[in-house]
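Trainee: got a sequence here, can you build the structure:
(one chain, ligands or ions: 1)
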Amino acid sequence: MASLGDPSHAHNQSFPFDQLPVLDLFFPGLAPATSAAWSLLTGSPSTYGQALCIGGSLLLFGKYALKCIEKLLETYFSSTIEVPYTDEAYDMLISWIDLKPSAEPGSHAEKKSLHYSPCNGRSCFWHKHPYISCFGRNPVVLRELLNECRRYYLESVGNKTCVFEHQGDRWKASKSMAKREMSTVIINKKLKEMLLGDVAEFLDPKTRTWYSRRGLPYQRGYLLHGPPGTGKSSLCLSMAGHFDLDVYVLTMSNLNDHSLKSLFAELPQHCIVLLEDVDAIAVHRKAGGSVDESQNARQNGPADTKVSLSTLLNVLDGLASSAGRLLIMTTNHIGRLDPALIRPGRVDMKLELHLANEDMTNQLFYFVYNTPPKIKERVVEDCELLHLAQEFVAKVPKLEFSPAKVLSFLLANKHSPRHGIANVAAWMEKLQEERTKLTRITS
Ligand SMILES: Nc1ncnc2c1ncn2[C@@H]1O[C@H](COP(=O)(O)OP(=O)(O)OP(=O)(O)O)[C@@H](O)[C@H]1O
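Mentor: Next up is the predicted model:
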């Protein structure tokens, strides 16, 4: 029996090649590779083994060397501009890419249109004629590109009102809508004029100087209150269009203290901050006037899921530190608001929007059926309009329906005012039924 130390046995220790064909049966091509590796390990490399070894090393080190070169180039020979997802420049970049001919989604653009956006990592695209990459230490090309994106973006939203909404504690452009003419929001004429005059005066640069000379906080707050569907949000949006401002919408029910603070910290200069349904913060006070925290917690839920009044007051007061923002709060229940929230200085003007009176119903009728003189095709002849409007107004009880309801009815009959007028009674009956049903459910 041969011992392990027996040199003659060493020779017999070679790879069991007699087993190779069997291995090859299951793993074709494995046998030659293992034989090369075996001969390398046992110190007698074949040419094939040597080549394999050199190739492998080249592959390994080549990859590493490439990474090093890439890093070196990136660090010393290229410029990079970071465009975070949350930055408006990101939206500009996206709209620019979307506008590129290569991004045209084809003839079915209207339905399920495609939108293109840059992904994380490296992207190559054409900018003017040369093929640009960020190679080189001069960032001018990148700046130029971003400027071009900005130009495209501003052109595309030129006649639009941009609305930003919050996602967690970040702002995100949610939609850009065609500017809504102030004339399409039907409210008391004097009220509208007063509001527009006040905002125009506030935004005047002279007013800003006036405030700063006296060390007064340059801020203005408005409260729009009234029943649902009286045009509070519409008024805010059309004001934004009128004064060319973007709107940042905060929905109180989806916020907590932390997100509210972060969102306020990120607001740009010159914009409208719309706080919708501020009554979502129901505040209970004790007999002495102090805030009843336990009652608040019971009604509003845990503190980390809701906005507390003290945080809201703090951020509103902080708003004064950055100039040029208009604060507009809306509510359907002014009686539920804490007096501290709507005290002068935080709210400078309160405007109540009403259910449709005779004048508003008349204006809504004209809004739907009056056709501009340029358009030949008309539903009603001008001479008939006055008479039909009077007939409609006489049938609709005043201060009973919101402008939203009246408008919705008129739009349902937009092709035939006569048919609409004939159906007013049935419509009111239906509304009454709905109201009774709702009262039964809620009681
Ligand atoms: N006064 C109005 N003039 C013209 N359209 C109106 C008016 N009020 C409501 N509408 C129309 O009704 C719809 C709802 O209006 P809007 O959202 O502005 O009402 P709101 O008072 O903000 O309601 P809510 O309190 O429920 O938020 C919109 O389509 C709007 O065009």
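Trainee: need the residues of the stretch 51-200 of the chain near the ligand, please.
Mentor: When proximity is defined as C-beta under 6 Å from any ligand atom, the stretch 51-200 of the chain approaches the ligand at 185-187. For glycine as for every other residue, the C-beta is placed from the backbone atoms N, C-alpha and C.
Trainee: how is this structure partitioned into domains?
Mentor: 59-102+122-156, 161-352, 358-442 (automatic domain parsing).
Trainee: tell me which of those domains sits most buried.
Mentor: Ranked by average neighbour count under the criterion mean count of other C-beta atoms under 10 Å, the domains of the chain are headed by domain 161-352 at a mean of 16.
Trainee: measure that one end to end?
Mentor: By C-alpha to C-alpha, to the nearest Å, the extent of domain 161-352 from end to end equals 24 Å.
Trainee: that older thread, comparing the domains of the chain, which yields the minimum mean pLDDT?
Mentor: Among the domains of the chain, domain 59-102+122-156 carries the lowest mean pLDDT, at a mean of 72.
Trainee: how far does that one sit from the chain's center?
Mentor: Centroid separation between domain 59-102+122-156 and its chain, computed with C-alpha atoms, centre = their mean, to the nearest Å, is 24 Å.
Trainee: distance between the ends of that domain?
Mentor: Note: domain 59-102+122-156 ends 50 Å apart using C-alpha to C-alpha.
Trainee: start the count at 48, not 1, going forward
Mentor: Okay, residue one is now 48; in that scheme the one you just asked about reads as domain 106-149+169-203.
Trainee: can you pull the contacts of the residue of the stretch 348-490 of the chain found nearest the ligand?
Mentor: Proximity of the stretch 348-490 of the chain to the ligand (C-beta to the nearest ligand atom) peaks at residue 451, 3.2 Å away. Residues in contact with residue 451 (C-beta atoms under 8 Å, 6 or more residues apart in numbering) are 275-278.
Trainee: the same query, at a cut-off of 7 Å, please.
Mentor: Contact partners of residue 451, counting by C-beta atoms under 7 Å, 6 or more residues apart in numbering, are residue 276.
Trainee: does it count as helix, strand or coil?
Mentor: Under DSSP: H, G, I helix; E, B strand; the rest coil, the three-state class of residue 451 is helix.
Trainee: got CSV for the domains of the chain, with distance to residue 100 too?
Mentor: Formatted as CSV, the domains of the chain follow (distance: least, C-beta to C-beta, whole Å):
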stretch, distance to residue 100
domain 106-149+169-203, 11
domain 208-399, 53
domain 405-489, 80
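Trainee: for these, which one sits closest to residue 99?
Mentor: Residue 99 lies closest, by C-beta to C-beta, to one member of the domains of the chain: domain 106-149+169-203, at 10.5 Å.
Trainee: contacting residues around residue 435?
Mentor: 427, 464, 468.
Trainee: before we move on, which element is it in?
Mentor: For residue 435, the enclosing helix or strand under DSSP states H and E is helix 429-442.
Trainee: for the stretch 248-397 of the chain, which residues are neighbours of the ligand?
Mentor: Taking C-beta under 6 Å from any ligand atom as the measure of proximity, the stretch 248-397 of the chain contacts the ligand at 275-281, 379.
Trainee: in JSON lines, list those residues along with secondary structure.
Mentor: Supplementary listing: those in JSON lines, determined by three-state DSSP:
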{"residue": "275", "secondary structure": "coil"}
{"residue": "276", "secondary structure": "coil"}
{"residue": "277", "secondary structure": "coil"}
{"residue": "278", "secondary structure": "coil"}
{"residue": "279", "secondary structure": "helix"}
{"residue": "280", "secondary structure": "helix"}
{"residue": "281", "secondary structure": "helix"}
{"residue": "379", "secondary structure": "coil"}
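Trainee: now do the strands in the stretch 348-490 of the chain.
Mentor: For the stretch 348-490 of the chain, the strands defined by DSSP state E, counting those that start in this stretch cover 372-378, 396-399.
Trainee: rewinding a little: redo the contacts of residue 435 as a markdown table? Include distance to residue 139.
Mentor: Formatted as a markdown table, the contacts of residue 435 follow (distance: C-beta to C-beta, whole Å):
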| residue | distance to residue 139 |
| --- | --- |
| 427 | 45 |
| 464 | 45 |
| 468 | 49 |
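Trainee: would you list the residues you listed in JSON lines and tack on distance to the ligand?
Mentor: Output for the contacts of residue 435, formatted as JSON lines (distance: C-beta to the nearest ligand atom, whole Å):
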{"residue": "427", "distance to the ligand": "20"}
{"residue": "464", "distance to the ligand": "18"}
{"residue": "468", "distance to the ligand": "20"}
